[in-house]
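Participant: Below is the sequence, then the predicted model.
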Amino acid sequence: MEPVRIFVASSSEGLDIARSLQYQLQDIGSVRLWNEGIFGLGRTTIESLEEAVRASDIAVLVLRADDLLISRGKRTPSGRDNILFELGLFIGYLGRDRTFIAYDKSKPAKILSDLAGVVVAEFDGSLSEDLLTAVGPACTLIRKAIRRATQPTEVWHTSWHLDKKIYRERLELRIENDCQIRGRRFYDEVGGERRVYAVQGFRGKGFDWVEYHQGNGAGGGALLLHHIGTGKLRGLITAGHCDASILRCYLNQWLLDGTQESYDPKWLLKMGEHS
């Protein structure tokens with residue numbers, strides 16, 4: 001499997017904590033901090049954040065009392081407003097099971113009631129001289145939750161010839177309790193490049209409908225997968241969305257990993273092209 005892409009965000013004051021989280025979690029994925037080229041020149045902050053969301057599998061946000069909120073005459077320690085905004089943004093895109101709060105109990109911030117159910121991993125930020133050790137237990141909880149959230153429940157594969165080229169594809173899917181689908185699509189040209197796409201969709205009544213896109217949103221398409229037997233799918237592929245002026249449609253067959261049956265890799269039915 002490709003490494004899990006983890007995004008870690010914090011306030012400027014919590015940057016040392018974010019760096020400690022990055023170090024502790026590097027064994028389970030590729031960890032990128034909010035200050036490492038996320039906010040590029042010529043783009044608005046929200047555009048940069050949207051790109052970061054699309055390019056991430058997991059988000060970890062450091063929540064601590066960096067501000068003081070006055071509401072109804074009462075002063076309440078509060079997290080930085082941009083962290084709360086980003087928390088909502090990542091939950092909306094990745095889901096609650098892939099968005100985690102690293103909570104500094106030495107500077108407790110009020111947790112909104114709407115965030116009930118989001119994983120909170122506590123640490124003691126007062127141990128500033130040894131933050132790596134301080135965030136260790138929180139990272140253990142986050143690491144276990146990441147494994148649960150990203151382990152695929154199904155892996156499908158296909159291979160086919162087009163002109164003189166050979167292609168191999170792999171779908172690593174996780175089927176959630178509400179029939180939502182998340183995962184990755186790996187697209188390999190034999191002897192050429194590999195493309196990796198994020199996958200989202202849903203399952204129902206013998207069909208899977210999934211949309212796939214690259215991390216920068218530049219390319220992708222959709223798959224309509226029909227369950228046609230034990231360990232077999234027939235897929236209607238629409239390719240070229242967002243990154244080409246031509247929309248191509250194909251029909252192909254997929255096999256579940258471990259399925260003994262094989263098929264002719266030349267079997268690929270071209271349904272049509274539209275410019």
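Facilitator: Sure thing, it's come through.

Participant: Show me where the chain has its helices.
Facilitator: Assigned by DSSP state H, the helices in the chain fall at 15-25, 45-54, 81-94, 131-134, 136-150.

Participant: Need those helices in JSON lines (columns: mean pLDDT, distance to residue 236 and mean neighbour count).
Facilitator: Just so you know, the C-beta spots here come from the backbone N, C-alpha and C atoms, and that holds for glycine as well. Shown next, in JSON lines, are the helices of the chain (pLDDT from 0 to 100; distance: least, C-beta to C-beta, whole Å; neighbours: other C-beta atoms under 10 Å):
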{"stretch": "helix 15-25", "mean pLDDT": "94", "distance to residue 236": "38", "mean neighbour count": "20"}
{"stretch": "helix 45-54", "mean pLDDT": "83", "distance to residue 236": "24", "mean neighbour count": "16"}
{"stretch": "helix 81-94", "mean pLDDT": "88", "distance to residue 236": "26", "mean neighbour count": "17"}
{"stretch": "helix 131-134", "mean pLDDT": "93", "distance to residue 236": "50", "mean neighbour count": "16"}
{"stretch": "helix 136-150", "mean pLDDT": "92", "distance to residue 236": "27", "mean neighbour count": "17"}
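
Participant: Export these as a markdown table, with columns for distance to residue 100.
Facilitator: Written out in a markdown table, the entries for the helices of the chain read as follows (distance: least, C-beta to C-beta, whole Å):
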| stretch | distance to residue 100 |
| --- | --- |
| helix 15-25 | 10 |
| helix 45-54 | 15 |
| helix 81-94 | 9 |
| helix 131-134 | 16 |
| helix 136-150 | 5 |
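
Participant: Of the ones you listed, which is nearest residue 237?
Facilitator: Closest to residue 237 of the helices of the chain is helix 45-54 (C-beta to C-beta; 21.1 Å).

Participant: before we move on, the earlier item: do you know which of the helices of the chain lies nearest residue 120?
Facilitator: Closest to residue 120 of those is helix 136-150 (C-beta to C-beta; 9.0 Å).

Participant: Quick one: work out the angle between that closest one and helix 15-25.
Facilitator: 60 degrees (axes from the mean of the first three to the mean of the last three C-alpha atoms, to 10 degrees).

Participant: Output the contacting helices and strands for helix 136-150.
Facilitator: strand 4-9, helix 15-25, strand 58-63, strand 99-104, strand 120-123 (3 or more C-beta pairs under 8 Å, 6 or more residues apart in numbering; DSSP states H and E).
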